[in-house]
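# turn this into a structure:
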Amino acid sequence: AKPAGTLSQPSEQDPHAMSFDRQILLFLALEEGQKPFLRLFHRLDRLTSGAVLFARRPEILARLSGLWKEGRVERLYLAIVEGQPAFDVTTIDAPIARDPTHSWRFRVAQGGKPARTELKVLGRADQGPCTVLCRLVTGRTHQVRVHFAFIGHPLVGDPTYGFRKQRLTDYGLPPLGRQFLHAHQVTISLPGESQKQKFTAALPQELEDVLGELRQSMTRSKI
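Predicted coordinates:
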C-alpha cells in the first residue's frame, strides 16, 4: 500500500523523487538480483494512501489495460467529509477540468473530462463530519476531492479544496496533516471467471486514530 506523502511515480516538478514505484523497483531488484519489469498501473495523489496495482510482466500490463477499458477494475475509497450530506446514496456525474486560477488544482467545469463517482454514507456523527464509501467509475486527477468540494462537503484535512484547518479540533478529533482519503480496495473481474481478485489496504494509523474518535459519536456506522 502506498503511504501518504509519497508520490506514486516521479513528476515533472520532482523527477528525481524516491517515488513509490521506485521504492518497489529497488526492493525487487535487491531481492531478485536483477532489474525487474515493473509498471505502475494507476496513481494516487501524494497525500492519499492505499492500494495501487503494478504489472510485473508486459503481457499483464496489456491485459490490465483491457480490463480497465471494459470497466472490470473497481476502486473503492474511504473518505471522511465535512458536514452532513443530504443523501445516503448518490452519484456525482460532473466533468472535471484544470482550474485556470491554479497550476495544479482542478474543478467541475463544462467541457471538462467526464467524471463519475458513486457515494454511500457509512456513518454520521451527531455533530461533525461523516464517513463515505466512494466508488470511482472514472479516474480523473483529484476526482474524489473535486466532487466532494463541488457538493459543498470537502474532505476532512483538505484545505486545497475548501476544508478549514481548524475544524478538526472543533470536532474534537486528533490533528491530521493530510486529507482523509484512502484507497481501500481494488477489485479485478477477469472475463470468464466467477472469482474476483481483491486487493485491500488497511487504514494507516493516523487515519485509524481519527476514525476511532469519530466512531464514538456516530449515530449510525457500518465500519
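
# and the helix or strand harbouring residue 91, which strands flank it?
Element membership of residue 91, judged by DSSP states H and E, is strand 89-93. Strand 89-93 pairs in its sheet with strand 116-125 (antiparallel), by DSSP bridges.

# ok, residues contacting the strand it pairs with?
Residues outside strand 116-125 that contact it (Cβ atoms under 8 Å, 6 or more residues apart in numbering) are 78, 84-85, 87-93, 130-138, 143-144, 147, 171, 214-215, 217-223. Heads up, the C-betas are built off the backbone N, CA and C, glycines and all.

# do stretch 49-69 as well
1-4, 8, 20-21, 24, 36-44, 73, 77, 181-186, 188-190, 199-201, 203-204, 207.

# any buried residues in that stretch, and which?
49-55, 61, 64 (16 or more other Cβ atoms under 10 Å).

# in TSV: those, plus distance to residue 158 and secondary structure.
Converted to TSV, the buried residues of stretch 49-69 look like this (distance: Cβ to Cβ, whole Å; DSSP: H, G, I helix; E, B strand; the rest coil):
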residue	distance to residue 158	secondary structure
49	14	strand
50	15	strand
51	20	coil
52	20	coil
53	24	coil
54	27	strand
55	30	strand
61	32	helix
64	29	helix
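
# turn those residues into CSV, columns for distance to residue 110.
Below are the buried residues of stretch 49-69 laid out as CSV (distance: Cβ to Cβ, whole Å):
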residue, distance to residue 110
49, 32
50, 31
51, 33
52, 31
53, 32
54, 36
55, 35
61, 34
64, 32
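
# got the contact list for the residue nearest to the spatial centre of the chain?
Central residue of the chain (Cα atoms, centre = their mean): residue 183, 4.3 Å from the mean position. By Cβ under 8 Å, 6+ apart, the contact set of residue 183 is 1-2, 44, 48-52, 75-77, 201.

# between those, which sits nearest residue 162?
Checking the contacts of residue 183 against residue 162 by Cβ to Cβ gives residue 48 as the nearest, at 16.7 Å.

# and that closest one, how far from residue 64?
20 Å (Cβ to Cβ, to the nearest Å).

# do the same with residue 181
Residue 181 is 23 Å from residue 64, by Cβ to Cβ.

# show me just the buried residues among the contacts of strand 116-125.
Buried members of the contacts of strand 116-125, counted by 16+ other Cβ under 10 Å: 78, 85, 92, 130-134, 136-137, 143-144, 147, 171, 214, 217-218, 221.

# which of the residues you listed fall in helices?
Mapping the buried ones among the contacts of strand 116-125 onto helices (DSSP state H) picks out 143-144, 147, 214.

# could you dump those residues to JSON lines with pLDDT?
What follows is these, written out as JSON lines (pLDDT from 0 to 100):
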{"residue": "143", "pLDDT": "97"}
{"residue": "144", "pLDDT": "97"}
{"residue": "147", "pLDDT": "98"}
{"residue": "214", "pLDDT": "83"}
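
# closest to residue 177 among these?
Distance ranking of these against residue 177, using Cβ to Cβ, places residue 214 first at 17.1 Å.

# in this structure the closest one contacts residue 127, no?
No. Contact criterion Cβ atoms under 8 Å: residue 214 and residue 127 do not qualify, at 11.1 Å.

# please enumerate the shared neighbours of these two.
Common neighbours of residue 214 and residue 127 (Cβ under 8 Å, 6+ apart) are residue 171.

# quick one on the thing from earlier: and after the helix or strand harbouring the residue nearest to the centre of the chain, which helix or strand comes next?
For residue 183, the host element (DSSP H and E) is strand 181-188. Per DSSP H and E, the first helix or strand lying C-terminal to strand 181-188 is strand 197-200.
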